[in-house]
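**Q** Sequence below, structure please.
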Amino acid sequence: MGLPICATCGTQYAEAREDCPICEDERQWVPRDGQQWTDLDAVRAEHQAVLREEGGVLGIGCEPKFAIGQRALLVRTEAGNVLWDCTAYLDDEIVSAINGLGGLIGIAISHPHYYTTMVEWARAFDAPIHLHESDSQWVGRPDPAVRSWRGTTNEIAPGLTLINLGVHFAGGTVLHHATGEGSLFTGDIVQVIPDRTHVGFMYSYPNLIPERPSVVRRTADILDGWTFDSLYGAWWDTVIPTDAHEIVQRSAARYLRFVRD
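**A** Numbering: from 1, shown residues only. Predicted coordinates:
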């Protein structure tokens, strides 16, 4: 068996173990029948790559769904391509497709639930991984490719800036792309809801634990200073094509109204 991957969250670890700390945390969950393990070869044998454009951005995932089921996004800039968030599934088709578009100059991930097989990706593309230092304890497979950053913002390429909001995890981060009217890539740090008229802010999604009001207030204040019209969430089809800045501010205000005594 190759390096173990948690079948519930998709995190790859450096060595065999019985527990998955990410799933045992109150923001995730362990199945009732116990922890299950797989490896990348087994995942490849049971799934296939999915690559498709969403709002002008290439989405990368697999079918059937594996683990949490998020898809990665290829953010293209004049300086090079950055992979936003990560999916556990990686195969030769994906590597070939991304290399055909110029490869990667970096990988940036919103929070630990999407760390998955990030080291496999880093080695496949010889690219650094940008993670906020507040979440360093959750790295399951340490590697020289992991580059921790601190503070509120980190420009990883011209016009491409990581913003630490602290939603969901202390290191919870979004990515701002200053192109056109601006785009914000959020994973589920800022969660796109089904009707696309609002977004959500949660400490735990599966366990329905709301985010602290002070964190949401800080998030609204920080994002009010950034220009963005579109917003890309964590799963397929979770794209807000326009008015995203107003939607985020309106959603934060609604959230804060409802969490008051």
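
**Q** so where is this protein shaky, pLDDT-wise?
**A** Across the chain, the ranges flagged by pLDDT under 70 are 261.

**Q** Now do the helix or strand harbouring Cys62: which elements does it pack against?
**A** Using DSSP states H and E, Cys62 sits within strand 57-63. Where contact means 3 or more CB pairs under 8 Å, 6 or more residues apart in numbering; DSSP states H and E, strand 57-63 is packed against strand 48-54, strand 72-77, helix 92-100. Every residue, glycine included, has its C-beta placed from N, CA and C.

**Q** continuing past the longest one, what's the next helix or strand?
**A** Remark: after helix 92-100, the chain's next helix or strand is strand 106-108, criterion DSSP H and E.

**Q** Chain neighbours aside, what residue packs nearest to Gly233?
**A** Leaving aside its sequence neighbours, Gly233 sits nearest to Val192 (CB to CB, 6 or more residues apart in numbering; 3.5 Å).

**Q** these two touch, right, that neighbour and Val239?
**A** Yes - counting by CB atoms under 8 Å, Val239 is a contact partner of Val192 at 7.3 Å.

**Q** what is in contact with the two at once?
**A** Shared contacts of Val192 and Val239, defined by CB atoms under 8 Å, 6 or more residues apart in numbering, are found at 231, 233.

**Q** before we move on, back to that, dump the strand holding Cys62 to CSV, keeping only the CA atoms.
**A** Provided in CSV are the C-alpha atoms of strand 57-63 (Å, rounded to 0.1, in the frame of the first residue of the first chain):
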residue,chain,number,x,y,z
VAL,A,57,-11.7,29.0,-14.8
LEU,A,58,-10.6,25.3,-15.2
GLY,A,59,-12.1,23.1,-12.6
ILE,A,60,-10.3,19.9,-11.7
GLY,A,61,-11.8,16.9,-9.9
CYS,A,62,-12.9,13.3,-10.3
GLU,A,63,-15.9,11.1,-10.6
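
**Q** give me phi/psi at the residue lying closest to Pro241 once chain neighbours are set aside?
**A** Nearest residue to Pro241 in three dimensions, chain neighbours excluded: Ser230, at 5.4 Å (CB to CB, 6+ apart). The phi and psi values for Ser230, taken as degrees, to the nearest 10, are phi -110, psi 160.

**Q** So what sits opposite Cys6 in the bridge?
**A** Trp37 (DSSP bridges).

**Q** Spell out the residue ranges of the helices in the stretch 151-261 of the chain.
**A** 213-223, 244-258 (DSSP state H, counting those that start in this stretch).

**Q** Give me the buried stretch members for the first one, please.
**A** Going by neighbour count (16 or more other CB atoms under 10 Å), the buried part of helix 213-223 is 215-216, 218-220, 222-223.

**Q** now stretch 45-54
**A** 47, 49-51, 54.

**Q** Check stretch 144-153 too.
**A** Of the residues in stretch 144-153, 145-147, 149 count as buried by neighbour count, 16+ other CB under 10 Å.

**Q** Quick check: the two most widely separated of these?
**A** Using CB to CB, the pair of the buried residues of stretch 144-153 lying farthest apart is Ala145 and Trp149, separated by 13.7 Å.

**Q** higher neighbour count, Val192 and Val239?
**A** Val192 (23 against 20; other CB atoms under 10 Å).

**Q** can you tell me which residues contact the more buried one?
**A** Contacts of Val192 (CB under 8 Å, 6+ apart): 186, 199, 231, 233-234, 238-240.
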